[in-house]
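A.B. asks: sequence plus the predicted model coming up.
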Amino acid sequence: MSGSRVVAFGGYQPDKVVTNDDLAKIVDTTDEWIRSRVGIESRRIAADDETVADMATAAGGKALAASGLPPSGIDLVIVATCSPEVPLPNVAATVAHRLGIAAPGAYDLNAACAGFCYALGTASDAVRAGSARNVLVVGAEKMSSWMDWTDRSTCIIFADGAGAAVVGPAGDGEPSGIGPVVWGSAGDLAEKITVTGRNGAITQEGQAVFRWATTALHPVALEACARAGVTPADISAFIPHQANLRIIEAIARRLGIPRERLADDIVHAGNTSSASIPLALSRMAEQGRLQPGTPALLLGFGAGLSYAAQVITLP
Ligand code: COA
């Protein structure tokens, strides 16, 4: 099999900034509580008429432009999302059409907050197996439309946005730039994060999720490193799902990865589920915090409970 690599990425956030003080006007909370327990200072919330497909198209368009490929170079579009407005049509075909990508394979994938890493893994496999040349992978979420704005344990956490990556073949003779995905699930804990019913809202058992995330995931990250032939000391950037700053700082500590290599986009983006990893990558690239050609560790986790990790070579 030939190798695959991440060619480029891009991110999109809605315009509307919602601060902790804004939330304190609608639920019984404080800026200090949210900062100290979750690490979020502000988040972005989509306009009422802004859809998951709108955000996915914006992020996908940026990644495509950064890749230098024409739309005709893409033959598969995967959108990871758990918050589409409707189950049909899928988001991916609409995104492809809007970006001028003619007749690609197009499907949505739901692995909640682990969705981007699942999509990246399947995109990499498709390129390596020869069933696609270049793949547009998007994580896009409008979590705000599935939130109970009177529930202070969830409305302070989740947010909206999209991020995307273009996956293509590795150069001739070059090693694969996307390591094997290590993925799994804990369906026995499925009830810990749910949306109940068609008109329901996200509910979670915060402490149980916190405990699971801080104890079960660092071995997954270590295995992803081992399968890519690197150690945590080699990792130049660690981009876990931006769930909660305390959770991801704890995982980084367990891996021995220094704080300055940890993505902390959650501070101003909130928890954007499957969008959070490519959004954080885009932000770190803008800030000059990524070193091209070096290994970065991605770790997605969330409802399901599902998780996935892989090491990529930064474009
Ligand atoms: N502001 C103020 N107080 C709040 C609050 C808020 N936004 N949310 C909850 N509280 C209160 C609770 O009602 C409780 O009050 P009580 O002691 O009077 O009953 C108290 O704070 C402690 O609640 P608890 O649930 O134990 O808080 P916590 O320290 O576990 O923090 C979470 C709650 C949700 C922030 C935390 O559990 C968490 O982040 N878990 C992981 C969730 C996650 O990442 N989910 C996404 C996975 S992808």
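C.D. replies: Cool, the structure landed. Numbering: from 1, shown residues only.
A.B. asks: who touches the helix or strand containing residue 23?
C.D. replies: Assigning secondary structure by DSSP states H and E places residue 23 in helix 20-24. Applying CB atoms under 8 Å, 6 or more residues apart in numbering, the contact partners of helix 20-24 are 29, 30, 31, 34, 35, 40, 41, 42, 152, 155, 156. Where you see a C-beta, it was placed from the backbone N, CA and C, and this is true even at glycine.
A.B. asks: for the ligand, what is the nearest residue in the chain?
C.D. replies: Of all residues in the chain, residue 206 sits closest to the ligand, at 2.7 Å by CB to the nearest ligand atom.
A.B. asks: list the contacts for that residue?
C.D. replies: Residue 206 touches residue 153, counting by CB under 8 Å, 6+ apart.
A.B. asks: shift numbering so it begins at 18
C.D. replies: Noted, 18 is the first residue going forward, which turns the last one into residue 223.
A.B. asks: torsion angles phi and psi at it?
C.D. replies: phi -50, psi -50 (degrees, to the nearest 10).
A.B. asks: from residue 146, how far out is it?
C.D. replies: Residue 223 sits 40 Å away from residue 146, taking CB to CB, to the nearest Å as the criterion.
A.B. asks: do the same with residue 227
C.D. replies: Applying CB to CB to residue 227 and residue 146 gives a distance of 38 Å.
A.B. asks: between these two, point out the one with more neighbours.
C.D. replies: residue 227 (17 against 11; other CB atoms under 10 Å).
A.B. asks: which parts of the helix or strand harbouring that one are buried?
C.D. replies: Counting by DSSP H and E, the element that carries residue 227 is helix 223-233. For helix 223-233, burial by neighbour count (16 or more other CB atoms under 10 Å) applies to 223, 226, 227, 229, 230, 231, 233.
A.B. asks: redo those as CSV? Include pLDDT.
C.D. replies: Shown next, in CSV, are the buried residues of helix 223-233 (pLDDT from 0 to 100):
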residue, pLDDT
223, 94
226, 96
227, 96
229, 97
230, 97
231, 97
233, 97
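A.B. asks: how about a markdown table for those residues, with distance to residue 129 added?
C.D. replies: Shown next, in a markdown table, are the buried residues of helix 223-233 (distance: CB to CB, whole Å):
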| residue | distance to residue 129 |
| --- | --- |
| 223 | 16 |
| 226 | 11 |
| 227 | 16 |
| 229 | 13 |
| 230 | 13 |
| 231 | 18 |
| 233 | 15 |
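A.B. asks: tell me the mean pLDDT for stretch 189-203?
C.D. replies: For stretch 189-203, the mean pLDDT works out to 94.
A.B. asks: got the buried residues for that stretch?
C.D. replies: 193, 194, 195, 196, 197, 198, 199, 200.
A.B. asks: first-to-last residue distance for that stretch?
C.D. replies: Using CA to CA, to the nearest Å, the end-to-end distance of stretch 189-203 comes to 39 Å.
A.B. asks: try stretch 105-121
C.D. replies: Stretch 105-121: ends 18 Å apart by CA to CA.
A.B. asks: who touches that stretch?
C.D. replies: Contacts of stretch 105-121 (CB under 8 Å, 6+ apart): 69-70, 73-74, 77-78, 81, 88-89, 91-96, 98, 101, 123-125, 153, 155, 157.
A.B. asks: show only the entries of those found in strands.
C.D. replies: Here DSSP state E is the test, and the contacts of stretch 105-121 give 93, 94, 95, 96, 123, 124, 125, 153, 155, 157 as lying in strands.
A.B. asks: most neighbours, which of those?
C.D. replies: residue 157 (38 neighbours).
A.B. asks: how about the contacts made by that residue?
C.D. replies: Contacts of residue 157 (CB under 8 Å, 6+ apart): 69-70, 72-73, 76, 96-98, 108, 178-180, 291-292.
A.B. asks: a markdown table for the residues you listed, including distance to residue 119?
C.D. replies: Compiled in a markdown table, the contacts of residue 157 are given as follows (distance: CB to CB, whole Å):
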| residue | distance to residue 119 |
| --- | --- |
| 69 | 22 |
| 70 | 17 |
| 72 | 22 |
| 73 | 18 |
| 76 | 20 |
| 96 | 17 |
| 97 | 22 |
| 98 | 22 |
| 108 | 18 |
| 178 | 27 |
| 179 | 22 |
| 180 | 24 |
| 291 | 25 |
| 292 | 26 |
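A.B. asks: closest to residue 205 out of those?
C.D. replies: residue 291 (22.4 Å; CB to CB).
A.B. asks: what distance do you get for residue 102 to residue 65?
C.D. replies: 11 Å.
A.B. asks: among these two, which residue is more densely surrounded?
C.D. replies: Taking other CB under 10 Å, residue 102 and residue 65 do not tie; residue 102 has more neighbours (11 against 7).
A.B. asks: not counting its neighbours along the chain, what's nearest the more buried one?
C.D. replies: residue 68 (5.8 Å; CB to CB, 6 or more residues apart in numbering).
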